[in-house]
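Visitor: here are the coordinates; sequence isn't available:
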């Protein structure tokens, strides 16, 4: 028998897979229980509701993105905004490709949360986007990035990065590292002052 923490992780993993494949609204508690080969009532010994599962997945994914970027920016040991944008993009891609189902749920299903939880995640998403925007502004200040609307540029980058969650497959044509390399190059070219 699985201990409580391991069982809860298994429940979150199965729920992530189902929410990713079918969407939150189209996935029932019964579907999750069936995939775990347990009775629906047994699932409630571990979670209070389907929304609590979604919250656990989305909150965990938000934390994973935040921590990955914190580590990446600390590891660059550089104040150069170009290097810092590259580190952020690489960390974001690595986080998505490390757990594509959970990342997909974070990107697409967070709006199904209750208003209070949705607001909390929305604030975290806004803060994350502000970090990207601020790095773009820093790059513009030293002439490394084109003078474009930094908020729009940040939204553009994050939309492109988050899109990976919808198509990435671990057995796909490109490894996660190669995808990260390409996305870093594409991000820096899109922001560059001298791109064609």
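Guide: Sure thing, it's come through. All values reported here derive from a predicted model rather than from experimental measurement. Numbers count the residues shown, from 1 in each chain.
Visitor: buried residues in stretch 129-144?
Guide: Of the residues in stretch 129-144, those with enough neighbours to count as buried (16 or more other C-beta atoms under 10 Å) are 131-133, 135-136, 138-140, 144. Heads up, the C-betas are built off the backbone N, CA and C, glycines and all.
Visitor: Quick one: mean pLDDT for that stretch?
Guide: Across stretch 129-144, the average pLDDT comes to 95.
Visitor: And for stretch 154-165?
Guide: 96.
Visitor: what does that stretch contact?
Guide: Stretch 154-165 is contacted by residues 89, 92-93, 96-97, 100, 103-104, 106-108, 128-130, 132-133, 136, 179, 183, 186-187, 190-191 when judged by C-beta atoms under 8 Å, 6 or more residues apart in numbering.
Visitor: count of neighbours near residue 18?
Guide: Counted with other C-beta atoms under 10 Å, the neighbours of residue 18 add up to 21.
Visitor: ditto for residue 48
Guide: Residue 48: 9 neighbours (other C-beta under 10 Å).
Visitor: How about residue 147?
Guide: Burial of residue 147, expressed as a neighbour count using other C-beta under 10 Å, amounts to 8.
Visitor: residue contacts, the closest residue to it other than its chain neighbours?
Guide: For residue 147, ignoring the flanking residues on the chain, the nearest one in space by C-beta to C-beta, 6 or more residues apart in numbering is residue 140 at 5.8 Å. The contact partners of residue 140, by C-beta under 8 Å, 6+ apart, come to 146-148, 150.
Visitor: Kindly report the same for residue 73.
Guide: Listed by C-beta under 8 Å, 6+ apart, the contact partners of residue 73 are 84, 87-88.
Visitor: Pick the one among these closest to residue 52.
Guide: For residue 52, the closest of those turns out to be residue 88, at 30.5 Å, with distances computed as C-beta to C-beta.
Visitor: which secondary structure elements does the helix or strand that closest one falls within contact?
Guide: Residue 88 is located in helix 81-98, with elements delineated by DSSP states H and E. Using 3 or more C-beta pairs under 8 Å, 6 or more residues apart in numbering; DSSP states H and E as the contact criterion, the elements in contact with helix 81-98 are helix 50-76, helix 115-141, helix 150-167, helix 176-191.
Visitor: What are the buried residues along it?
Guide: Of the residues in helix 81-98, those with enough neighbours to count as buried (16+ other C-beta under 10 Å) are 81-97.
Visitor: Ok, stretch 12-25 next?
Guide: Buried residues in stretch 12-25, counted by 16+ other C-beta under 10 Å: 12-20, 24.
Visitor: could those be laid out in TSV, adding pLDDT?
Guide: What follows is the buried residues of stretch 12-25, written out as TSV (pLDDT from 0 to 100):
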residue	pLDDT
12	90
13	92
14	92
15	92
16	92
17	92
18	93
19	94
20	92
24	94
